[in-house]
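# mind looking at a prediction? Sequence and model below.
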Amino acid sequence: MNRFKLLFVLFFINTILYSQDIKKKWGSSVYVDLNSTYETRYTHGSSVHYPNYSGSIELVYNLDYKIFRRFSFGSLVSLNRFLTPKISSLKIGGAIKYYYLQNKYHFVTFHIASHFPSDSDRFKRGHQVRLGQFFDLSNLLGQRLLIGCYYNLDKLNLENSSPLLDGLLKNISYSTLLTDSWGVSLGLKF
């Protein structure tokens, strides 16, 4: 009897995982993201500053794999450019998406990624957490056009780097830049 239950559970899991077409399980997308920073906290040693920084622009590539009909796990690679201060980075991370409408690309996404700087004198490493909502707009050149809005939290570790503000001591061991931003995204789903 226990073998029957085990076989039934394995068959059920297998049916759920492989009930979709293999072509529909894998998907990729490309986005251009525009982020507007609404709060920045720059910690340099024991002092905290609130500079007025403008935001960032990102070019993002996602590769997703649908686990269930409504969930997918994915990886992402992004080129980031913070406009103020002028910092560039490569971002690599993972994402979870929940598709709340069947046969549409309307989804809620949560991703965590790491920043790798192009200039390690400006910052050493960083992280980003994003929560967003995306909508399937229309068909464009045989691909799906997506638009999204989201919240970003970026934390950049600036330890032992040159200070971002004038008049601060150099080579402070604890220095971080924390930015809260809202953004819009425009992309194509392949």
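Looks like it came in fine. Numbering: from 1, shown residues only.
# show me where this protein has strands.
For the chain, the strands defined by DSSP state E cover 26-44, 47-49, 55-66, 71-82, 87-99, 107-117, 125-140, 143-157, 175-189.
# can you tell me which of the ones you listed has the worst average pLDDT?
Looking at the strands of the chain, the lowest mean pLDDT belongs to strand 47-49 (a mean of 82).
# against which helices or strands is that strand packed?
strand 26-44 (3 or more C-beta pairs under 8 Å, 6 or more residues apart in numbering; DSSP states H and E). C-beta: built from backbone N, CA, C; applies to glycine.
# let me have the strands of the chain in a markdown table, extended by mean neighbour count.
Shown next, in a markdown table, are these (neighbours: other C-beta atoms under 10 Å):
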| stretch | mean neighbour count |
| --- | --- |
| strand 26-44 | 17 |
| strand 47-49 | 12 |
| strand 55-66 | 18 |
| strand 71-82 | 18 |
| strand 87-99 | 18 |
| strand 107-117 | 19 |
| strand 125-140 | 16 |
| strand 143-157 | 18 |
| strand 175-189 | 19 |
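# return the residues in contact with the residue nearest the centre of the chain.
Most central in the chain under C-alpha atoms, centre = their mean is residue 111, positioned 4.6 Å from the mean C-alpha point. Contacts for residue 111 were tallied using C-beta atoms under 8 Å, 6 or more residues apart in numbering; they are 76, 93-96, 128-130.
# let me see the backbone angles for residue 158.
Backbone torsions for residue 158, taken as degrees, to the nearest 10, come to phi -110, psi 20.
# which ones are touching residue 95?
62, 64, 73-76, 109-111.
# and the residue lying closest to residue 57 once chain neighbours are set aside, bridged to which residues?
Counting by C-beta to C-beta, 6 or more residues apart in numbering, residue 57 lies nearest to residue 81, which is 5.3 Å off, once chain neighbours are set aside. Beta bridges link residue 81 to residue 57, residue 88, judged by DSSP bridges.
# and residue 81, what does it touch?
Residue 81 touches 56-58, 87-88, counting by C-beta under 8 Å, 6+ apart.
# show the contacting residues for the spatially closest residue to residue 178 that is not a sequence neighbour.
Among residues not flanking residue 178 along the chain, residue 41 sits closest, at 4.5 Å (C-beta to C-beta, 6+ apart). Residues near residue 41 by C-beta under 8 Å, 6+ apart: 48-50, 176-179.
# pick the one among those closest to residue 68.
Nearest to residue 68, judged by C-beta to C-beta, of the contacts of residue 41 is residue 179 at 33.8 Å.
# if I look at that closest one, how far off is residue 25?
Residue 179 sits at a distance of 35 Å from residue 25 (criterion: C-beta to C-beta, to the nearest Å).
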